[in-house]
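With the sequence up front, the predicted model follows.
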Amino acid sequence: DRFDVTGARWSVKGAEAILKLRAVRANGDWPEYFEFHLTQEHLRVHESCYADGVIPEAAR
């Protein structure tokens, strides 16, 4: 029902992402999920930019 708001445009992919996040929260798994999310974001944004995934000490 909340997705059916006048003027709102939801893609199937976007709506599914929101529903999955709501399920994680409803199941009480948010702290574990968010820690995983932060770790993956760090890997994607930072470690993937360095040779062999090793961040030089000077960059820490």
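Here it is on my side, so go on.

Starting from residue 29, give me the distance back to the residue nearest the centre of the chain.
A centroid search over the chain (C-alpha atoms, centre = their mean) returns residue 37, at 4.9 Å, as the residue closest to the centre. For residue 37, the distance to residue 29 (C-beta to C-beta, to the nearest Å) stands at 11 Å. Where you see a C-beta, it was placed from the backbone N, CA and C, and this is true even at glycine.

can you give me the helices in this protein?
Taking DSSP state H as the test, the helices found in the chain are 12-26, 30-45.

how far does the longest one sit from the chain's center?
The gap between the average C-alpha position of helix 30-45 and the chain average comes to 7 Å, counting by C-alpha atoms, centre = their mean, to the nearest Å.

want to try CSV for the helices of the chain, with mean pLDDT and distance to residue 58 as columns?
Putting the helices of the chain into CSV (pLDDT from 0 to 100; distance: least, C-beta to C-beta, whole Å) gives the following:
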stretch, mean pLDDT, distance to residue 58
helix 12-26, 92, 37
helix 30-45, 92, 18
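
Quick one: the ones you listed as CSV, columns for distance to residue 5 too.
Formatted as CSV, the helices of the chain follow (distance: least, C-beta to C-beta, whole Å):
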stretch, distance to residue 5
helix 12-26, 12
helix 30-45, 25
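
Out of those, flag the one nearest residue 55.
helix 30-45 (9.7 Å; C-beta to C-beta).

CA atoms only for that closest one - export them in PDB, please.
Extracted C-alpha coordinates of helix 30-45, given in PDB (Å, rounded to 0.1, in the frame of the first residue of the first chain):
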ATOM      1  CA  TRP A  30      19.700  -4.900  11.300                       C
ATOM      2  CA  PRO A  31      22.900  -4.600  13.400                       C
ATOM      3  CA  GLU A  32      24.500  -7.600  11.700                       C
ATOM      4  CA  TYR A  33      23.300  -6.500   8.300                       C
ATOM      5  CA  PHE A  34      24.600  -3.000   8.700                       C
ATOM      6  CA  GLU A  35      28.000  -4.200   9.900                       C
ATOM      7  CA  PHE A  36      28.200  -6.400   6.800                       C
ATOM      8  CA  HIS A  37      27.100  -3.500   4.600                       C
ATOM      9  CA  LEU A  38      29.800  -1.200   6.000                       C
ATOM     10  CA  THR A  39      32.500  -3.900   5.500                       C
ATOM     11  CA  GLN A  40      31.400  -4.400   1.900                       C
ATOM     12  CA  GLU A  41      31.300  -0.700   1.200                       C
ATOM     13  CA  HIS A  42      34.900  -0.400   2.600                       C
ATOM     14  CA  LEU A  43      36.100  -3.200   0.400                       C
ATOM     15  CA  ARG A  44      34.400  -1.700  -2.700                       C
ATOM     16  CA  VAL A  45      35.500   1.900  -2.100                       C
END
